[in-house]
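Trainee: Any chance you could fold what I've pasted below:
(one chain, ligands or ions: 1)
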Amino acid sequence: MDKKKILRNIPSVDKVLKWQEIKESLEVLGQTHVTTVVRDHIEDYRKRLLAGEKLEADHLKKSILREIQDLISPYFCRAVNGLGIVLHTGLGRAPFNERIASIVHDMSKGYSRLQIDEEGKRADRYRKISRLLQILTGAEAGIIVNNNAAATMLVLSAMAKGKEVIVSRGQLIEIGGSYRIPDVMAQSGAIMREVGTTNRTHLRDYKEAINENTGALLRVHQSNYRIIGFTKEVSLAELVELGRKHNIPVIDDLGSGALIDLSKYGLPKEPMVQESIAAGADIACFSGDKLIGGPQCGIIVGKRQYVERIKKNPLTRALRCDKLTNAVLEGTLQLFLLKENDLIINHSVLGVLLKPLAEIKRQARHCAKALRTDLSADLDVSVIQSVSEIGGGSLTTEQLPTYAVAVKPKTLSVSDLARALRLCRIPVYGRVAEDTLLLDFRTVLKGENEIIVEAFTSILKPKQ
Ligand SMILES: *Cc1c(COP(=O)(O)O)cnc(C)c1O
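Mentor: Below you'll find the predicted structure:
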């Protein structure tokens, strides 16, 4: 077909708006918004036809109706994590549970108490969280911001803008999503002064770099990688001693930041916030939604004078957290006040990390049996041993033993099955390994078996 003919066959916006199904959507949605969608899709349709793509006759109508449906449906929704990555950023990192859900539900009914005192006066929004952090970490004060990337940048800016911050070359990390220590440092206005080498940094390296323009010593937890072999890192205690001698504050970016010692349970030890404070860090910061298991936020704790200085920085106002974040973090931190056994039972991330293998196996078998009962004509289902990852830059190199339900579809391809599961009302995310779909039951939560079975059934035996 020549160009002119192609262009002549593309309907006008007005014409499309008169199509029956599109007209129906106009009964519910604003005309200007539907028009915008229609115009964009016609434009896209035109480009693709001109590029020589072969499109079905009803392609345009279908794509418009699909987008309208998408626009009015929630994208942000509950999902099932069968990937076995405990802290998966794409799946919202720390999972919540009924306890947190009831906090969010209550806060969402109308107005809420956020920063107002018993006298009805404006109060300090950070007071309650700060008190909980004091008790849990031993720090003098605390404050929260949007995430740990924001926390690091804010801390550097408030404490060392225009000054040099000394950091080991072995700690110049990059986390996913373009978070890199040198870039964060540059944004904060602090001047990065790197010392040592990738694998070995000595105390004397820091010592020799100190001058009258040194603003802080920074330690960064390596989080998502390890340097092994011929290595040397300076301990936080040594940095603190050096800092004290020269009257220079020490900042500790803990990354995940644990509040309990995971090594007691056979997991590798993640740096603990209490230990950082006890070692004398002037400021420590960590994520709220990694091992803490709370909402996305960055938690800053440390010496009162520095926390106060950070609070007064104008960036703090720009990075402050909303009411839901505050409420969910309060509820999460309150769990850490409990006896450790009760904490683990009620804390979703710790629950997943410490889930007994026998329980994982039982739940996986249960699900496999249900799938076999209803869908054996379409699926080969078995339970296999596998490994989960912790993710979120925590306990990186560690893999946890687990059991997965392994599904081989007989009537469609495994990638089509995986995609159909992701398109279910409650999306189910599984891992494709060759011709098998794996659902890791460490991260499949209690009560989610029914959701999985329903998802498979809706795909393989759709109700007419
Ligand atoms: C994860 C991580 C961050 C970024 O934290 P977010 O809460 O994702 O912004 C910063 N520093 C370290 C060391 C980390 O592990």
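Trainee: ok now do the residue of the stretch 201-350 of the chain at minimum distance from the ligand, which residues does it touch?
Mentor: Ranking the residues of the stretch 201-350 of the chain by distance to the ligand (Cβ to the nearest ligand atom) places Gly255 first, at 2.5 Å. Quick note: C-beta positions are derived from backbone N, CA and C, even for glycine. Counting by Cβ atoms under 8 Å, 6 or more residues apart in numbering, Gly255 makes contact with Asn148, Ile175, Val220, His221, Ser223, Pro271, Phe286, Ser287, Lys290, Gly393, Ser394.
Trainee: Near the ligand, list only the ones from those residues.
Mentor: Asn148, Ile175, Val220, His221, Ser223, Ser287, Gly393 (Cβ under 6 Å from any ligand atom).
Trainee: Dump those residues into TSV; add secondary structure, pLDDT and distance to Gly82 as well.
Mentor: Output for the ones next to the ligand among the contacts of Gly255, formatted as TSV (DSSP: H, G, I helix; E, B strand; the rest coil; pLDDT from 0 to 100; distance: Cβ to Cβ, whole Å):
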residue	secondary structure	pLDDT	distance to Gly82
Asn148	helix	96	27
Ile175	strand	84	24
Val220	strand	96	33
His221	coil	94	29
Ser223	coil	79	25
Ser287	strand	97	24
Gly393	coil	63	21
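Trainee: Pick out the most distant pair among those residues.
Mentor: Spatial extent of the ones next to the ligand among the contacts of Gly255 (Cβ to Cβ) is set by the pair Val220 and Ser287 at 13.1 Å.
Trainee: neighbour-wise, which of these two wins?
Mentor: Under the criterion of other Cβ atoms under 10 Å, the comparison of Val220 against Ser287 puts Ser287 first, with 28 against 19.
Trainee: Am I right that the more buried one is in contact with Asn147?
Mentor: Yes. Proximity of Ser287 to Asn147 meets the contact threshold set by Cβ atoms under 8 Å, at 6.6 Å.
Trainee: Can you check which residues contact both of those two?
Mentor: What both Ser287 and Asn147 touch, as defined by Cβ under 8 Å, 6+ apart, is the set Gln296, Cys297, Gly298.
Trainee: out of the residues you listed, who has the most neighbours?
Mentor: Cys297 (28 neighbours).
Trainee: What sits closest to that one if chain neighbours are left out?
Mentor: Nearest residue to Cys297, sequence neighbours excluded (Cβ to Cβ, 6 or more residues apart in numbering): Gly288, at 3.6 Å.
Trainee: Please name the residues that touch that neighbour.
Mentor: So Gly288 contacts Ile144, Asn147, Asn148, Gly294, Pro295, Gln296, Cys297, Gly298, Ile299, Thr325, Leu329, Thr332 (Cβ under 8 Å, 6+ apart).
Trainee: Counting only strands, which of those make the cut?
Mentor: Ile144, Gly298, Ile299 (DSSP state E).
Trainee: contacts with the ligand among the residues you listed, please.
Mentor: Applying Cβ under 6 Å from any ligand atom to the ones in strands among the contacts of Gly288, those adjacent to the ligand are Gly298.
Trainee: possible to save the ones in strands among the contacts of Gly288 as TSV with pLDDT?
Mentor: Below are the ones in strands among the contacts of Gly288 laid out as TSV (pLDDT from 0 to 100):
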residue	pLDDT
Ile144	98
Gly298	98
Ile299	98
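Trainee: Quick check: of the ones in strands among the contacts of Gly288, which lies closest to Ala420?
Mentor: For the ones in strands among the contacts of Gly288, the nearest to Ala420 is Gly298 (37.3 Å; Cβ to Cβ).
Trainee: what about the longest strand in the protein?
Mentor: Per DSSP E, the chain has its longest strand at strand 379-391.
Trainee: and the next element down the chain from that one?
Mentor: As assigned by DSSP states H and E, the chain's next helix or strand after strand 379-391 is strand 399-409.
Trainee: Next, the buried residues of that following strand.
Mentor: Leu400, Thr402, Tyr403, Ala404, Val405, Ala406, Val407, Pro409 (16 or more other Cβ atoms under 10 Å).
Trainee: try stretch 288-305
Mentor: In stretch 288-305, counting by 16+ other Cβ under 10 Å, buried: 288-303.
Trainee: Check stretch 314-330 too.
Mentor: Leu315, Thr316, Leu319, Arg320, Cys321, Thr325, Asn326, Ala327, Val328, Leu329.
Trainee: Now name the helix or strand holding the second one.
Mentor: Looking back up the chat, that one is Thr316. Going by DSSP H and E, Thr316 is in helix 314-318.
Trainee: Please state the offset of that helix from the chain centre?
Mentor: 22 Å (Cα atoms, centre = their mean, to the nearest Å).
Trainee: now what about that helix, what contacts it?
Mentor: Here helix 314-318 has contacts from Ile143, Val145, Met153, Leu154, Ser157, Ala158, Ile310, using Cβ under 8 Å, 6+ apart.
Trainee: Excluding chain neighbours, what is closest to the last one?
Mentor: Meaning Ile310. Using Cβ to Cβ, 6+ apart, the closest residue to Ile310 is Ala158 (4.5 Å).
Trainee: shouldn't the one you found be in contact with Gln305?
Mentor: No. With contacts counted by Cβ under 8 Å, Ala158 stays clear of Gln305, the gap being 11.3 Å.
Trainee: and the stretch 201-350 of the chain, which residues reach the ligand?
Mentor: So the stretch 201-350 of the chain meets the ligand at Val220, His221, Ser223, Asp253, Gly255, Ser256, Ser287, Gly298 (Cβ under 6 Å from any ligand atom).
Trainee: May I ask you to confirm that the first one is in contact with Gln171?
Mentor: Looking back up the chat, that one is Val220. Yes. Assessed by Cβ under 8 Å, Val220 is found in contact with Gln171 at 4.0 Å.
Trainee: anything in contact with each of the two?
Mentor: By Cβ under 8 Å, 6+ apart, the residues touching both Val220 and Gln171 are Ile181.
Trainee: where does the stretch 51-200 of the chain have low pLDDT?
Mentor: Counting by pLDDT under 70, the stretch 51-200 of the chain shows no low-confidence range.
Trainee: and it, which residues reach the ligand?
Mentor: So the stretch 51-200 of the chain meets the ligand at Asn147, Asn148, Ala149, Thr152, Ile175, Tyr179 (Cβ under 6 Å from any ligand atom).
Trainee: All set now, cheers.
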